[in-house]
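*Asks:* 3D, please:
(2 chains)
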Amino acid sequence: MSRVDLWGVELSYGTEQVLKGVDLSVADGEVVCVIGPSGAGKSTLLRLVNALLLPDRGHVLLDGELVGRRARGGRLHAMPERDVRVQRKKIGMVFQKFELFPHMTVMQNLCLAPVIHKDLTPAQARERATALLARVGLADKHDSYPGRLSGGQQQRVAIARALMPDPGVLLFDEPTSALDPELVGEVLSVMRELASEGITMIIVTHELRFARDVADRIVFMDGGVVVEEGVPAEVLDRPRSERVRTFLERV
Amino acid sequence: MTPPSAAEGGDAVVERPAAAEPASRPELPDDLARGFPIGQAIGWVVLVAFVAWLLWLFLDNPNLDMAVVRHNLFNANILKGLRNTLMFAVCAEIAGLVIGVIVGFGRLSAVRVFRTAAWLYVWVFRSTPLVVQILLWGNLALLLPKLGVGPWHTETNQVMTPFVAGVTALALHEAAYIAEIVRSGVTSVPEGQREAAAALGLSWWVTQRRLILPQALRVMIPPAGSAFVLLLKSTSLVVVISGGDLLTEAQNIASVNMHTIELLLVATLWFLLVTSVAAVGQRYLERRYDRQNRREPVRGPRWPLGHLGRGTSRKAGARA
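*Replies:* Sure thing, here's the model as predicted:
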């Protein structure tokens, strides 16, 4: 059964059409890496899954349920913000530039959302945060402010923050693109571990070696459409399309 | 050895290995020389002399009677005027902050009619001289003799006392500037922070209050502090509607005893004191909101009213 479905999704920013009809299904526990040149619509695709953006046409579903919209009277209506927020708890997101809240400590970053949602008591939240920070190897950084951490540490905190509500799906938007080369490894190893634990993951990345190791499936996007998809060995080693081949030669 | 290098100084090349030997290290001093900053010293002398000359100009001037200044510095009417000036400034600042935050967010609203209304507000109140606005509010009765709707109305002059008119004018003017400060502060927070908050399922209200405003405040405090100091000084403009402020009282006394300069000096001294206190307050606020840039998490009160500040900011930690 699929966790995430995109059916015929189209989206424009102003006059520029970024997605031109994308179909994609991600099964429960599957790890999908989305690759492709910049401007292909990869980040946009990711933002549709947790309703940071809504499609102009087509449908986005999470566990078989429309995301950010509701069908009523033969039309699609915007879902009330309150219900969208409930849906978002099932999806964690990790950003290229971490987006930790700089005026809060690591612990406060992790505990803010679950406590405000009253999903956890402050004590429970702290306990869960402690466990997650230990898991990403940052047990000693509870009281640090993000600005005092390295990029790799910040991104691991961001991953821990995304895991706080125990989401079934994790979205990664180029999680290592803003990191110094020597810090990429520590973030990828945390992600590798998560992938092995059966969390559904959609990862936009330029790390092709990582994608080959971790992905169950690779999706190649270009010009707002999915050009090719398949298991890593297929797409990366024997691409059928010319566009994939030229992209792989360039990187 | 190649001929060219030999010709250009073969000796030095030959001797280079010897220079690397530790034994050849010459005797070097350990103490750092401390130069006398002669330029700075001259600068200080000039500065002190200039300030002393200015003071002397005042103090040793036959046209200025320092006894009158001393006598009036704590005059009951002057103190009453000072109290009124502070009331003008504080009331206008509070009202100005409330209106300014609303207008500032209006400028950033996704709804066009709000954006236009907020822009219109800022345009009007920032584009006309404050003294004109004070005169307009002070003379409102000329335009609208009665205020109110239907049976509930009253004489304008009973409501629009000089104090109310002054506070209204100052507050509406201040709000226009606060709105621009709020707008620039909120815009300074990267868009990614809003995305991250949304991805965590946080509401607009929580996002603004817990994430955007605390970060925007760091940017907003310096210009807001300047705006407040400016407001404190601008209260003296209510003298045009006899607002009962410090300057009005000083001029009232001067019109009786004819010591104009002495009483202006009294007002000046009080303004210097009040604005200095405001500047110190601004410094504390700036440090208070710069915590994230400190190396260690800060514990304990960091300024005289530390427990007040901690109450709100620690909430996140206490609740977390």
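
*Asks:* tell me the residues of the stretch 101-250 of chain B that contact chain A?
*Replies:* Neighbours of chain A within the stretch 101-250 of chain B, by C-beta under 8 Å from any C-beta of the partner chain: B:190, B:192-193, B:195-196, B:198-204, B:206, B:210-211, B:214-215, B:218. C-beta: built from backbone N, CA, C; applies to glycine.

*Asks:* try 6 Å this time
*Replies:* B:192-193, B:195-196, B:198-202, B:206, B:211, B:214-215 (C-beta under 6 Å from any C-beta of the partner chain).

*Asks:* now, those that are in helices?
*Replies:* B:192-193, B:195-196, B:198-199, B:206, B:214-215 (DSSP state H).

*Asks:* could you work out the most separated pair of those residues?
*Replies:* Greatest spatial distance among these (C-beta to C-beta): B:Ala199 and B:Pro214, at 18.9 Å.

*Asks:* neighbour-wise, which of those two wins?
*Replies:* Set B:Ala199 next to B:Pro214 and count neighbours by other C-beta atoms under 10 Å in any protein chain shown: B:Ala199 wins out with 24 against 21.

*Asks:* right, and the more buried one touches A:Gly92 too?
*Replies:* No. Using C-beta atoms under 6 Å, B:Ala199 is not in contact with A:Gly92; the gap is 7.6 Å.

*Asks:* rewinding a little: can you list the residues of the stretch 101-250 of chain B next to chain A in TSV and add distance to B:Ala49 and pLDDT?
*Replies:* Putting these into TSV (distance: C-beta to C-beta, whole Å; pLDDT from 0 to 100) gives the following:
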residue	distance to B:Ala49	pLDDT
B:Gly192	55	94
B:Gln193	52	95
B:Glu195	59	94
B:Ala196	57	96
B:Ala198	61	94
B:Ala199	63	95
B:Leu200	62	95
B:Gly201	66	93
B:Leu202	60	94
B:Val206	58	94
B:Leu211	53	94
B:Pro214	47	90
B:Gln215	46	92
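
*Asks:* so which of those comes closest to A:Asp23?
*Replies:* Closest approach between these and A:Asp23, by C-beta to C-beta: B:Ala199, at 23.7 Å.

*Asks:* can you mark which positions in the helix or strand hosting A:Ala123 are buried?
*Replies:* Using DSSP states H and E, A:Ala123 sits within helix A:122-135. For helix A:122-135, a neighbour-count test (16 or more other C-beta atoms under 10 Å in any protein chain shown) marks A:125-126, A:128-129, A:132-133, A:135 as buried.

*Asks:* contact partners for residue 188?
*Replies:* Just so you know, I chose chain A. Contact analysis of A:Leu188 by C-beta atoms under 6 Å, 6 or more residues apart in numbering or on different chains lists A:Phe210.

*Asks:* nope, chain B
*Replies:* B:Ser188 makes contacts with B:Val219, as judged by C-beta under 6 Å, 6+ apart.

*Asks:* what's the neighbour count on A:Leu61?
*Replies:* 17.

*Asks:* please name the nearest non-neighbouring residue to it.
*Replies:* Nearest non-adjacent residue to A:Leu61, counting by C-beta to C-beta, 6 or more residues apart in numbering or on different chains: A:Asp5, 4.3 Å away.

*Asks:* so what touches the helix or strand encompassing B:Leu247?
*Replies:* B:Leu247 is part of helix B:246-257, with elements assigned from DSSP H and E. Applying C-beta under 6 Å, 6+ apart, the contact partners of helix B:246-257 are B:77-78, B:81-82, B:85, B:236, B:239, B:242, B:260, B:263, B:266-267, B:270.

*Asks:* give me the buried positions along that helix.
*Replies:* B:246-254.

*Asks:* do I have it right that A:Pro239 meets A:Phe247?
*Replies:* No. In this structure A:Pro239 lies outside contact range of A:Phe247 using C-beta under 6 Å: 8.5 Å.

*Asks:* so where do the strands sit in chain A?
*Replies:* Secondary structure of chain A (DSSP state E): strands at A:2-13, A:16-27, A:31-35, A:57-62, A:65-66, A:69-72, A:75-78, A:91-94, A:169-173, A:200-204, A:217-222, A:225-230.

*Asks:* okay, the ones you listed, which one's buried deepest?
*Replies:* strand A:91-94 (a mean of 26; mean count of other C-beta atoms under 10 Å in any protein chain shown).

*Asks:* what helices and strands are in contact with that strand?
*Replies:* Strand A:91-94 is packed against helix A:151-163, strand A:169-173, with contacts defined by 3 or more C-beta pairs under 6 Å, 6 or more residues apart in numbering or on different chains; DSSP states H and E.

*Asks:* same thing but at 10 Å, please
*Replies:* Judged by 3 or more C-beta pairs under 10 Å, 6 or more residues apart in numbering or on different chains; DSSP states H and E, strand A:91-94 is in contact with helix A:42-49, helix A:151-163, strand A:169-173, helix A:181-196, strand A:200-204, helix B:191-199.

*Asks:* now the ones you listed in CSV, with distance to B:Pro37?
*Replies:* As requested, the helices and strands packed on strand A:91-94 are exported to CSV (distance: least, C-beta to C-beta, whole Å):
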stretch, distance to B:Pro37
helix A:42-49, 55
helix A:151-163, 42
strand A:169-173, 54
helix A:181-196, 44
strand A:200-204, 57
helix B:191-199, 45
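
*Asks:* residue nearest the centroid of chain A?
*Replies:* In chain A, the residue lying closest to the centroid (C-alpha atoms, centre = their mean) is A:Leu171, at 1.1 Å.

*Asks:* circling back: for the ones in helices among the residues of the stretch 101-250 of chain B next to chain A, which one is nearest B:Tyr284?
*Replies:* Nearest to B:Tyr284 among those, counting by C-beta to C-beta, is B:Pro214 at 16.2 Å.

*Asks:* neighbours of the residue nearest to B:Val206 when sequence neighbours are not counted, how many?
*Replies:* Leaving aside its chain neighbours, B:Val206 sits nearest to A:Ile116 (5.7 Å; criterion: C-beta to C-beta, 6+ apart). A:Ile116: 18 surrounding residues under other C-beta under 10 Å.

*Asks:* A:Ile116 contacts B:Leu202, doesn't it?
*Replies:* Yes. Counting by C-beta atoms under 10 Å, A:Ile116 touches B:Leu202, with 6.5 Å between them.

*Asks:* so what sits against both of those two?
*Replies:* Shared contacts of A:Ile116 and B:Leu202, defined by C-beta atoms under 10 Å, 6 or more residues apart in numbering or on different chains, are found at B:Arg210.
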